[in-house]
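K.L.:
Okay, here's the prediction I keep looking at, along with the sequence it came from:
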Protein chains: 2
Amino acid sequence: MLEMFTDPKGVAVIGASTSPDKLGYQVLHNIIQYGYQGAIYPINPTAPEILGLRAYPTVLDCPDPVDLAVVLVPNKVVPTVMEQCGQRGLKGAVVITAGFREVGPQGRALEQQVLEICRRYGMRMIGPNVLGIIDTVCKLNASFAAGMPDRGRIAFMSQSGALCTSILDMAMGQGIGFSRFYSIGNKADINELDLIKAWAEDPETRAIMAYLEGITNGPEFIHSASQVTRHKPIIAIKSGTTNAGSKAVSSHTGTLAGSEAAYDAAFKQSGIIRAGSVQDLFDYARAFARQPLLRGDAVAIITNAGGPGIMASDAVEHAGLRLATLSAETKQLLQAKLPPAASMANPVDVLGDALADRYALAIEAVLADPNVDALMVVLTPQTMTQIPETAEALGRLSKAHDKPVFGAFMGEAAIRKGVEVLRSYDVPNYAVPERAVAAIAAMWRYRTWLNTPPLAVEELAVDRERVAQLFARVRAEGRVTIGDAEAREVLEAYGVPLPKAGLAATADEAVQLAESIGYPVVMKIASPDILHKSDIGGIKLNIMSAGEVRDAFDLLIYRGRRYMPDANIWGCQVQQMVKGGREVIIGVNRDPQFGPLLMFGLGGIYVEALKDVTFRVAPIDRRQATEMLSEIRAYKLLRGVRGEKPADQSAIVDTLLRISQLVTDFPEIVELDINPLMVFEQGRGAMGIDMRLALK
Amino acid sequence: MLEMFTDPKGVAVIGASTSPDKLGYQVLHNIIQYGYQGAIYPINPTAPEILGLRAYPTVLDCPDPVDLAVVLVPNKVVPTVMEQCGQRGLKGAVVITAGFREVGPQGRALEQQVLEICRRYGMRMIGPNVLGIIDTVCKLNASFAAGMPDRGRIAFMSQSGALCTSILDMAMGQGIGFSRFYSIGNKADINELDLIKAWAEDPETRAIMAYLEGITNGPEFIHSASQVTRHKPIIAIKSGTTNAGSKAVSSHTGTLAGSEAAYDAAFKQSGIIRAGSVQDLFDYARAFARQPLLRGDAVAIITNAGGPGIMASDAVEHAGLRLATLSAETKQLLQAKLPPAASMANPVDVLGDALADRYALAIEAVLADPNVDALMVVLTPQTMTQIPETAEALGRLSKAHDKPVFGAFMGEAAIRKGVEVLRSYDVPNYAVPERAVAAIAAMWRYRTWLNTPPLAVEELAVDRERVAQLFARVRAEGRVTIGDAEAREVLEAYGVPLPKAGLAATADEAVQLAESIGYPVVMKIASPDILHKSDIGGIKLNIMSAGEVRDAFDLLIYRGRRYMPDANIWGCQVQQMVKGGREVIIGVNRDPQFGPLLMFGLGGIYVEALKDVTFRVAPIDRRQATEMLSEIRAYKLLRGVRGEKPADQSAIVDTLLRISQLVTDFPEIVELDINPLMVFEQGRGAMGIDMRLALK
């Protein structure tokens, strides 16, 4: 739980200043002003007293109890004071000082030095380069923020200190409270995952919010975060998502993968709700912190205006939620009590002249309806509208039901009082229905996550040793890309079905092979140096006779030589011609942050043009592999359209699992494409037709 | 210009009331309170005086000048008072009274009666069933809204009166002004297009905003709106966009088309910017009303915080805009004047301790850079940040350059003063950078529209008469769907290339035909009643010999009979087997609102699974047809990927134009699919392989 930060008995402000325009003054002032109840020690080499408190020259001089330091001295001095903190037996430090890793190699060395001091003394550190931390539970505002947020049930961390100032200002303006509010800066010691784990156990925290620019340890992050999200939601912004696109990649998967795809996959696999902006972050967090989760995806709308009711319905459908179908009882009840011109179906239109009692009636009836999982109440401030009274009714009734309730009171001055009433009942209000719906959709995604079983990776029977030997051989030859025949061997060892094939060094051998495989055959140039064979005309399909085999052999070798005169050309691959399946792609690209990023999508020539692909960080389990299939737009094609039989989906799932296992077993595989994997009718399996593989 | 509403010399309030809780009182009160300078006449059968003004029993009794009536009497009485208005020579009426079309057939009849009175006397009417109209130029608030917005340069119309109350409240809270603000209700006389045309000429209006639920005349709307948007932006919400999906349709195009697709196409073709929510509507309108259009798509960002700078950059890239590359001169200038730790590239990071002068320096340099088309200034309220001063600098400098400038001052209380200063300089501020970027992107879409030439439909040489005769024949037989052979004839007449083919009534005839066409051939069941032949196995490909022709003939006839015993089966279509092209689809579905909706997309089995299609309302011109090609995700496939030759795009464009002309010439065509249209390599044309057509 990191109690040194959430419940310190005494705080030393190292670098406390007597000058009001210095951060060392402001931080001390914040600690005093906002009611921290423990001991407070200004540390200053010369001043005897600051802000009415006795000051000490060093932390070594101050009395007990002291277990947390807030450090504001110049960067060069930080190691010295941290050493003193360690000697004095402090448990934690918040290093506000900047000028470390973010300014270059020297700063990085300094940061490393500070970190080593922490490690030596078993001290935990937040920072360096932070705004500070705020804890509304122990009332410690150890930051230079301009204000103190309300106590609340959201714990927030930010990798940007400056963003904290905006978020605090917004939160205070909108009455949003926090339990903990940490600026985590360079994350030299305590990183996002440490906080996530700590806050998972924090009874004061109901939802975790984060602004992240990077993640310290990808695989560990997925592993731990996916456990935390089983009982507490995490909502995060990950910025810096667009790709510079500078990295040179040669595989299809490499072209399509990128840090954006990797983070998306990692967040999905961790059950983390991703927010697209600070506005979304707040919109979602308010919903999660204040309202119960919805049990199903059926949303009811009550409105006093047709137009906004339609907009709300549109938003519900666009978000992939359902408009609840009200029960016959509810409709009868509404019919009996609402004016005849009202709409009794969903959205329920209580009409423009609805007073609070009519709204209350509809809210009561709709919340009691078992067909309803969530309720949004839309209100426009018309002449007769009783705004605070309606808010009161909604708030009161929301407490009587275990269903989430959202306001979309639309306006500004006229609705302000109503919004305050809603807030007092923990009902979040949204300026437009579309934002309320986005929050509901985020909750529904989280609910769906809670319903999925935890990761259960299977161990499939494979010939791992054979692949290890092959890779050792390739490495011994100093190669990183490997040819078709070798890639075949790797996949064969991992149980991926392949067409009959062989390598022919001469035209005669090619004819022999073709005769033994049976016509028609496919021939491909065989070279570890030529990766995209089709680009250079290096593949001939539908070869029907010995004569054609000889012609093809000569042509392919000629083209290979012309394309790359010094390529190592082994001859031609002669392969059984496979027809009549659907082409999909399975690929892997190694992400610097998360490791092996597994891709599945519509294959063949479509893959790059349509970008109809989806990603997971390996290893994955059967459920996730199945999920991947259904995530591509072309899923319908796999299920069979217009009289065609469905494709063998379980064969794809099986191949995905085998590839997941392969790239987990062999971290040296940096790129892999099976494109196409030809998938036949249900029950008839799949076959890897063309493949490539690159090692580190 | 509809001067009877924008500049009435005298207003009669028919149904004015002495009772403050009646709308008839509130409207009169609004007219007086907000400073209307013309004559005001309360009309009330009994009261001698209301709110200090002399009242008259009927509008016939009141003196000159009087040219506008505001009507609030009960719905049954409306015809009577409108008749009097006509007799009295009034030019216009705003009918606030509800209880017309929206309540059923009787109300509809009443509305028709009122409309006829208007027509008879040449009076124009807004309504019925409205909140009223507000004109800030002549200071007329003829509505029961609770307040009066500022004067501004946005004209707004809403089909929902209740929504007006929310929008007014929001606008007043955010200091957004309007020139005209009309609730248009049932649109019995004056509809959205009348107002668009009037406001197009309105010197007080710089941008038109609309909330629409439906459009009165689709083709006329596209025609006129697309001219207005050439010189004034229109930003609209169209609600009710999701499809009930209840309509039974049999074509691919019908399945994919819907009112959402039609509105999207119509708005695109009209140059209308579509907003997804009231929030977007405001965000865009503020940008359009206050800032000049951007000349290019290069956006510069200046920030005092790294995190929000990254988020802003992400948003720019996601929106399809470009991050401006600052010129070498600008970078040098920044390098000379900013602290070394600042970032001189875009986004320019002036650092957390930037005072207003440093911001000003960066703003000045960036706005002067010819590589920059738009500027967004991000500000977080840090300890030293000078917020109003920075706003002042930004505002001042924005006036010195003809480039659009946007604020993303992030916060609430701390930034309020700064936002007010920005507003005084007409610089819109957005709570988060993502919203500013969305507004910039909307402006860029509009700029792109301004750069496209106006519609220029070509007249292609076709045999219209032949199609007219064929349709007459079909109608004479009482059919609505027509068979393959007939559809072929129609397309042939309009110059769409088709494979060689013929209809065989017997197996012998089929063999004869196949021999004359040359093997391989395709055979299809020929019946006007069997639409999706592949669904029932009604197509045989790759038939190589006379024996196979006979087998296929018997099989297809058998399947046709089994599928639909009472189908009218003509025999089999024998057709040249066409290979080696890309399959696309061209289709038409008739939209109830806009007429012939033309679809283009990836064809064959992919069309429904991938939904990779785009729409236009016919007729279209060559530029639009070309645009359609590039709008589908699979466009890359048409341009040629991975060593394949590009497809013959001009052949697709030509076919689109021919189909556009066909369905414009023959409104009786309600559905048409050419699927696939097989497109060959560049220069080799395209061929319609399978087609279907249904008449009204």
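P.N.:
Everything's here; your move.
K.L.:
which secondary element of chain A has the worst mean pLDDT?
P.N.:
helix A:252-256 (a mean of 65; mean pLDDT, DSSP states H and E).
K.L.:
Next secondary structure element downstream of that helix?
P.N.:
helix A:259-270 (DSSP states H and E).
K.L.:
could you give the mean pLDDT of the very next helix or strand once past that next one?
P.N.:
Sequence order places strand A:273-274 as the next helix or strand after helix A:259-270, per DSSP H and E. The predicted model gives strand A:273-274 an average pLDDT of 96.
K.L.:
what about the closest residue to chain B within the stretch 1-150 of chain A, distance to residue B:570?
P.N.:
Closest residue of the stretch 1-150 of chain A to chain B, C-beta to the nearest C-beta: residue A:144 (5.7 Å). All C-beta spots, glycine's among them, are computed from the backbone N, C-alpha and C. According to C-beta to C-beta, to the nearest Å, residue A:144 and residue B:570 sit 86 Å apart.
K.L.:
out of the two, which sits in the busier spot?
P.N.:
Taking other C-beta atoms under 10 Å in any protein chain shown, residue A:144 and residue B:570 do not tie; residue A:144 has more neighbours (25 against 18).
K.L.:
Please list the residues of the stretch 201-350 of chain A that sit near chain B.
P.N.:
Applying C-beta under 8 Å from any C-beta of the partner chain, one finds that the stretch 201-350 of chain A approaches chain B through A:211, A:213, A:237, A:239-242, A:276-279, A:304-308, A:310-311, A:313-315, A:317-318, A:341.
K.L.:
Repeat that for the stretch 401-550 of chain A.
P.N.:
A:410-415, A:431-435, A:532, A:534-537.
K.L.:
Please pick the buried ones from those residues.
P.N.:
In terms of neighbour count (16 or more other C-beta atoms under 10 Å in any protein chain shown), the buried residues within those are A:410, A:411, A:412, A:414, A:415, A:431, A:432, A:433, A:434, A:435, A:536, A:537.
K.L.:
Can you report how many residues lie near residue A:509?
P.N.:
For residue A:509, the number of neighbouring residues by other C-beta under 10 Å comes to 17.
K.L.:
which ones are touching the nearest residue to it once chain neighbours are set aside?
P.N.:
Take residue A:509 and drop its neighbours on the chain: the residue closest to it by C-beta to C-beta, 6 or more residues apart in numbering or on different chains is residue A:571, 7.4 Å away. By C-beta atoms under 8 Å, 6 or more residues apart in numbering or on different chains, the residues touching residue A:571 are A:503, A:504, A:505, A:506, A:509, A:510, A:526, A:553, A:557.
K.L.:
just curious, which of these is nearest to residue A:359?
P.N.:
Lowest distance from residue A:359 to the contacts of residue A:571 (C-beta to C-beta) belongs to residue A:526, with 74.9 Å.
K.L.:
Touching, that closest one and residue A:484? I think so.
P.N.:
Yes: at 5.6 Å, residue A:526 and residue A:484 qualify as touching, with contact defined as C-beta atoms under 8 Å.
K.L.:
Quick check: neighbours shared by those two?
P.N.:
Residues touching both residue A:526 and residue A:484 (C-beta under 8 Å, 6+ apart): A:503, A:573.
K.L.:
Phi first, then psi, for residue A:680.
P.N.:
Main-chain torsions, residue A:680, degrees, to the nearest 10: phi -100, psi -180.
K.L.:
Neighbours of the residue lying closest to it once chain neighbours are set aside, how many?
P.N.:
Nearest residue to residue A:680 in three dimensions, chain neighbours excluded: residue A:581, at 4.6 Å (C-beta to C-beta, 6+ apart). For residue A:581, the neighbour count with other C-beta under 10 Å is 20.
K.L.:
Touching, residue A:581 and residue A:682? I think so.
P.N.:
No: the pair residue A:581 / residue A:682 is not scored as a contact, 11.5 Å apart, by C-beta under 8 Å.
K.L.:
Touching both of those two, which residues are there?
P.N.:
Counting by C-beta under 8 Å, 6+ apart, the shared contacts of residue A:581 and residue A:682 are residue A:647.
K.L.:
ok so, going back, could you pull up the residues touching the residue nearest to residue A:680?
P.N.:
Going by C-beta under 8 Å, 6+ apart, residue A:581 touches A:647, A:678, A:679, A:680, A:686, A:687.
K.L.:
How much space separates residue A:149 from residue A:170?
P.N.:
Using C-beta to C-beta, residue A:149 is found at 10 Å from residue A:170.
K.L.:
Check residue A:629 too.
P.N.:
Using C-beta to C-beta, one obtains 41 Å as the distance from residue A:629 to residue A:170.
K.L.:
Which one of those two is surrounded by more residues?
P.N.:
residue A:170 (24 against 20).
K.L.:
Show me where chain A dips below the pLDDT cut-off.
P.N.:
Filtered on pLDDT under 70, chain A yields the residue ranges A:241-258, A:642-643.
K.L.:
residues contacting residue A:430?
P.N.:
A:283, A:406, A:407, A:408, A:436, A:439.
K.L.:
That should have said residue A:491, apologies.
P.N.:
A:498, A:662, A:674, A:688, A:691 are the contacts of residue A:491 under C-beta under 8 Å, 6+ apart.
K.L.:
Sticking with the closest residue to residue A:91 other than its chain neighbours, tell me its helix or strand.
P.N.:
By the measure of C-beta to C-beta, 6+ apart, the closest residue to residue A:91 outside its immediate chain neighbours is residue A:4, 3.8 Å from it. Assessed by DSSP H and E, residue A:4 sits inside helix A:3-6.
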